[in-house]
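Chemist: what follows is a protein structure lacking sequence information:
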């Protein structure tokens, strides 16, 4: 009996010791948790006070504001104590409550979220647009969300200013484009209608592709006294400046060849040079380098005699897969540094099946040659020879496709056969 009692009495200290150890372990865990909570709380306070943006620590479940920094109080016109009595949803408009709840849920699901479609409501009712950035965390062991709210009124004002300026620039560009489109109509009205060339030369085509809607390049033709006069030219500059010079060039073709009746191509270029120089030298500020390069041909359809004169632009004839070149004089229509000399005429007797080509330098400047380099004269000659066995309309299409596939920047030229 004494033995059994001793055993029973001896078991009590062991049980008490076990209970004491369990309580101590629980206490240590609770103490460590409290220490972590205090550290978290201290960390939150450091973050809160160190941020220039409004910052809130929010209960994830009901949106209650655990903490808010001084920047939040200043932004919204509330005291910090007052903010801790509110939920984040009370700082939003009624129409934004559903969206606000969805943003908090998105933040919890994604671990964080950034949005700027929900303004905050200040104490005086002012709506303050903010960019909100959220991060999931815990507070006192409970799920929480840290919400940074940055005042973006200045940003939105700047954005609105930029948008107004962009709108103004877009309108100015639209007005400018409209003016250029109108200039295009004028230029097309001055140039002869391309389709009418086939009335005089059925086997012919014109490929005219202005780079900038309007062009400094031009084609021109007429039929007079049984002869067909054709020309391909390009003027100094591109776009609108070049187009203005092209109008002068077109008027000079009309004046010299039609009005004055000059059929000699070399004499016509001499007369055009005089007219071009006089027009551009009326004012001291005129650029003396302005001018025009031209290839001008006069064809007698009956005798098949082709007379040619050129200012930098040659004329090519393809006969039996071989190319014959009538070279141009190395001087422009307009003022230049060299001595003024008369243009020289060249003649060739065409044969059945011959094709002749006039073109501007915009053609050989295209990127479509070997390894994506410029086409240059050698490349263009090869292209024309390769396609010369095609019907004239097929050659036109083949050359057009090549330039389109090569993303040509400009190609303005004329071909007649």
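Modeler: Everything's here; your move. Treat the numbers as computed from the prediction; the structure is a model and nothing was measured.
Chemist: tell me the domain boundaries of this structure?
Modeler: The chain is divided into the following domains under automatic domain parsing: 22-151, 192-416.
Chemist: pick the most buried one from the ones you listed.
Modeler: domain 192-416 (a mean of 18; mean count of other CB atoms under 10 Å). The way it works is simple: take the backbone N, C-alpha and C, and place the C-beta from them, glycine included.
Chemist: chain center to stretch 310-323, what's the gap?
Modeler: Between the centre of stretch 310-323 and the centre of its chain there are 39 Å (CA atoms, centre = their mean, to the nearest Å).
Chemist: show residues contacting the helix or strand containing residue 72.
Modeler: Secondary structure assigned from DSSP states H and E places residue 72 in helix 70-76. Residues from elsewhere that reach helix 70-76 (CB atoms under 8 Å, 6 or more residues apart in numbering): 49, 51-56, 78-80, 83, 91, 120-123, 128, 149, 151.
Chemist: quick check: closest non-adjacent residue to residue 146.
Modeler: Distance criterion CB to CB, 6 or more residues apart in numbering; nearest residue to residue 146, sequence neighbours excluded, is residue 135 at 4.7 Å.
Chemist: is it correct that the one you found is in contact with residue 144?
Modeler: No - the criterion here is CB atoms under 8 Å, and residue 135 misses it with residue 144 at 9.6 Å.
Chemist: ranges for the helices of the stretch 1-150 of the chain?
Modeler: 2-50, 70-76, 80-83, 97-110 (DSSP state H, counting those that start in this stretch).
Chemist: worst average pLDDT in those?
Modeler: When the helices of the stretch 1-150 of the chain are compared on mean pLDDT, helix 2-50 scores lowest, with a mean of 53.
Chemist: residues touching residue 60, list them.
Modeler: Applying CB under 8 Å, 6+ apart, the residues near residue 60 are 104, 108, 136, 142-145.
Chemist: partners of the closest residue to residue 138 other than its chain neighbours in the sheet?
Modeler: Spatial nearest neighbour of residue 138, excluding adjacent residues (CB to CB, 6+ apart): residue 144 at 5.6 Å. Assessed by DSSP bridges, residue 144 has beta-bridge partners residue 59, residue 137.
Chemist: residues in contact with residue 144?
Modeler: 57-60, 66, 136-138.
Chemist: JSON lines for those, including pLDDT?
Modeler: What follows is the contacts of residue 144, written out as JSON lines (pLDDT from 0 to 100):
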{"residue": "57", "pLDDT": "94"}
{"residue": "58", "pLDDT": "93"}
{"residue": "59", "pLDDT": "92"}
{"residue": "60", "pLDDT": "86"}
{"residue": "66", "pLDDT": "95"}
{"residue": "136", "pLDDT": "90"}
{"residue": "137", "pLDDT": "88"}
{"residue": "138", "pLDDT": "86"}
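Chemist: ok, of those residues, which one's closest to residue 386?
Modeler: The closest of those to residue 386 turns out to be residue 136 (CB to CB; 68.8 Å).
Chemist: quick one: that closest one and residue 384, what's the gap?
Modeler: 71 Å (CB to CB, to the nearest Å).
Chemist: ranges for the helices of the stretch 301-417 of the chain?
Modeler: 361-364, 376-387, 392-405.
Chemist: so which of the ones you listed is nearest residue 266?
Modeler: Residue 266 sits nearest to helix 361-364 of all the helices of the stretch 301-417 of the chain, at 20.5 Å, using CB to CB.
Chemist: now do the closest one, average pLDDT.
Modeler: pLDDT averaged over helix 361-364 gives 70.
Chemist: low-confidence stretches in the stretch 51-200 of the chain?
Modeler: Judged against pLDDT under 70, the stretch 51-200 of the chain has no low-scoring part.
Chemist: run through the strands of it in chain order.
Modeler: 54-59, 65-68, 112-115, 120-121, 127-128, 130-139, 142-151 (DSSP state E, counting those that start in this stretch).
Chemist: and the fifth one, which strands flank it?
Modeler: Each strand that strand 127-128 pairs with, and the sense of that pairing, follows from DSSP bridges: strand 120-121 (antiparallel).
Chemist: go on, the third one?
Modeler: If you go by DSSP bridges, strand 112-115 pairs up with strand 130-139 (antiparallel).
Chemist: strands of the stretch 301-417 of the chain, start to end?
Modeler: Going by DSSP E, counting those that start in this stretch, the stretch 301-417 of the chain shows strands at 305-311, 315-319, 322-326, 333-334, 346-349, 355-359, 411-416.
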